[in-house]
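> below are the sequence and a predicted model for it; my questions follow.
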Amino acid sequence: MKSETFFSAAENAEITQTIQEVELQTSGEVAVMVVEQSDSYPESRILAGVLIGSLLALGITDLLLDDSLWGFLPLAATFSLLIAWLVGYLPMVRKIFVSGARLEEMVREQAVQEFFKQGLYKTRDATGVLFFISLFERRVWVLADQGINEKISSESLQAYAADIASGIKEGRAAEALCLQIRGVGKVLAEHFPVRDDDINELSDQVMYD
């Protein structure tokens with residue numbers, strides 16, 4: 001799925017409005033980003049190609065080539081390359097060959113990179129919060145700047161992320177995202193109430209890769 005079509009126009013507007021409502025109560029800055037994937041996972045294509053290609057070659061060799069090693073080797077090489085190429089167009093198959101821990105780590109790393117790339121570290125009071133959604137991995141990461149991390153633990157932020165991920169699986173991504181943005185907003189308003197000279201430092205629109 002293309003990231004820019006993940007939310008409908010109406011859902012994009014609802015998320016933007018939710019961010020604006022939250023930021024009326026706090027000096028914190030909320031941003032949302034959706035990406036298609038956090039890594040290309042090239043090893044998944046290699047593993048799929050070698051494993052599936054070798055099994056196919058083994059079956060054909062057994063049935064048609066009298067278990068010939070010299071028949072098996074070129075078939076295995078050919079099928080491995082073909083399957084590796086084909087799996088590149090089959091994300092759900094490719095995902096089978098990537099561990100959950102690697103998916104989790106790459107989403108976390110990409111969230112950190114986007115946090116800095118999008119300038120969330122530049123807010124006046126170090127109160128930027130990024131809701132990062134990576135579609136291929138079906139994972140969400142919530143990342144906050146130093147000022148917020150002193151008040152809200154990383155575990156608490158990831159609890160918000162887990163609720164959003166559950167909402168995505170249930171087909172109510174925008175609803176779950178807005179609910180958790182409001183949840184984080186309440187905590188932000190408690191620790192970082194809006195200031196008289198508050199300015200909007202980050203875009204309220206959903207960002208896409």
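Now that the structure is in, tell me what you want to look at.
> okay, and the beta partners of the spatially most central residue of the chain?
With distances taken as C-alpha atoms, centre = their mean, the chain has Ser134 as the residue nearest its mean C-alpha position (1.7 Å). On the basis of DSSP bridges, Ser134 is bridged to Val35, Arg139.
> what pLDDT does it get?
pLDDT, Ser134: 96.
> ditto for Ser40
91.
> tell me the SS of it?
coil (DSSP: H, G, I helix; E, B strand; the rest coil).
> where along the protein do the helices fall?
Along the chain, counting by DSSP state H, helices occupy 9-23, 42-64, 69-87, 91-96, 100-117, 146-149, 154-169, 173-191.
> by how many degrees do the third one and helix 42-64 diverge?
When you say that, I think you mean helix 69-87. Using axes from the mean of the first three to the mean of the last three C-alpha atoms, to 10 degrees, the direction of helix 69-87 lies 140 degrees away from that of helix 42-64.
> and helix 69-87, what's buried?
Residues of helix 69-87 classed as buried: Phe72, Leu75, Ala76, Phe79, Ser80, Ile83, Ala84, Val87 (neighbour count, 16 or more other C-beta atoms under 10 Å). To be clear about C-beta, it is placed using only N, CA and C from the backbone, and glycine gets the same treatment.
> the fourth one now?
By neighbour count on 16+ other C-beta under 10 Å, the buried set for helix 91-96 is Val93, Arg94, Lys95.
> and stretch 54-61, by the same measure?
Going by 16+ other C-beta under 10 Å, stretch 54-61 has these buried residues: Ser54, Leu56, Ala57, Thr61.
> what of stretch 163-183?
Buried residues in stretch 163-183, counted by 16+ other C-beta under 10 Å: Asp163, Ile164, Ala165, Gly167, Ile168, Ala173, Ala174, Ala176, Leu177, Cys178, Gln180, Ile181.
> so what touches it?
Stretch 163-183 is touched from outside by 6-8, 11, 14-15, 18-19, 21-22, 30, 32, 131, 133, 138-140, 142, 160-161, with contacts defined as C-beta atoms under 8 Å, 6 or more residues apart in numbering.
> what about 10 Å?
6-8, 10-15, 17-19, 21-23, 25, 30, 32, 34, 129, 131-133, 135, 137-142, 156-162, 188, 206 (C-beta atoms under 10 Å, 6 or more residues apart in numbering).
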